[in-house]
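Enquirer: Need coordinates for the following:
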Amino acid sequence: RARESFERAVELDSSHVKSLLNLSRVLLELKEPREASERVAAALEIDSTSAEAHRLMGRVQAALGETEIALESYREALIFDEHDVWAMNNMGLLLIQLGRFDEALRPLARAVQLDSSVALFRNNFGMALERTGHFVAAAESYQAAVAIDPDYAKASASLARIGGRVDDALAQPIDLALLAEDFVREVETWKADRVAVSEQP
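Expert: Residues are numbered from 1 along each chain as shown. Got it, this is the predicted structure:
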């Protein structure tokens, strides 16, 4: 019914970006990423500076297995909105899925720094910390997720699994603020690169 409703809205106004993006989300839930991709692409043709559209395109591309392109879409989202915490979370989670745990730490740390009230961010940051040998900090992050959402079974299970573990001997001390600052600088580099490309003759 949601799909029918958003399709009707798009029929009435094919330039309505929000309806196109909402329809794309429904199509993703229905496991139809290729159709979702077409709708997001249409939204980006209308508004190429929409961070939300670039972020959603990243989700679509990840669902299609186009992981590197998806990461680029999340970068685009952050170029247009450096405070897009969901783009940071999605980027970090995809990096975890790709086994690039060290890279995942920075965007997830920044997401937690900007909005520490989202249990999902805390859990995902905990996963990146755990996979990089920072078990104490990971347990703290899982604990924070459970404190926000006591019914968060995944975070509770992770906390039970690693509770009491000490850090790997070779693990460097972790600092959320420094990781977040590193990511802020990284986003600024992406912005500068985009400007440099646009100014080329």
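Enquirer: So G163 is in contact with E140, correct?
Expert: No: no contact is recorded between G163 and E140 when judged using C-beta atoms under 8 Å, the distance being 10.5 Å. The C-beta positions use only the backbone N, C-alpha and C, and glycine is treated the same way.
Enquirer: quick one: which of the two has more around it?
Expert: Set side by side, G163 and E140 show more neighbours around E140, with 18 against 12, by other C-beta atoms under 10 Å.
Enquirer: Just give the nearest non-adjacent residue to the more buried one, would you?
Expert: Counting by C-beta to C-beta, 6 or more residues apart in numbering, E140 lies nearest to G126, which is 8.0 Å off, once chain neighbours are set aside.
Enquirer: Would you enumerate the residues in contact with that neighbour?
Expert: For G126, the contacting residues are 138-142, 145, 155, 158, by C-beta atoms under 8 Å, 6 or more residues apart in numbering.
Enquirer: Give the next helix or strand downstream of the worst-scoring helix or strand of the chain on mean pLDDT.
Expert: Ranked by mean pLDDT, DSSP states H and E, the helix or strand of the chain with the weakest confidence is helix 2-12, at a mean of 68. Remark: after helix 2-12, the chain's next helix or strand is helix 17-29, criterion DSSP states H and E.
Enquirer: what's that following helix in contact with?
Expert: With C-beta under 8 Å, 6+ apart as the contact definition, helix 17-29 has outside contacts at 2-3, 6-7, 9-10, 13, 33, 35-37, 39-40, 42-43, 46-47, 50, 52-53, 56, 59-60, 63.
Enquirer: Having no further points to raise, I will conclude here.
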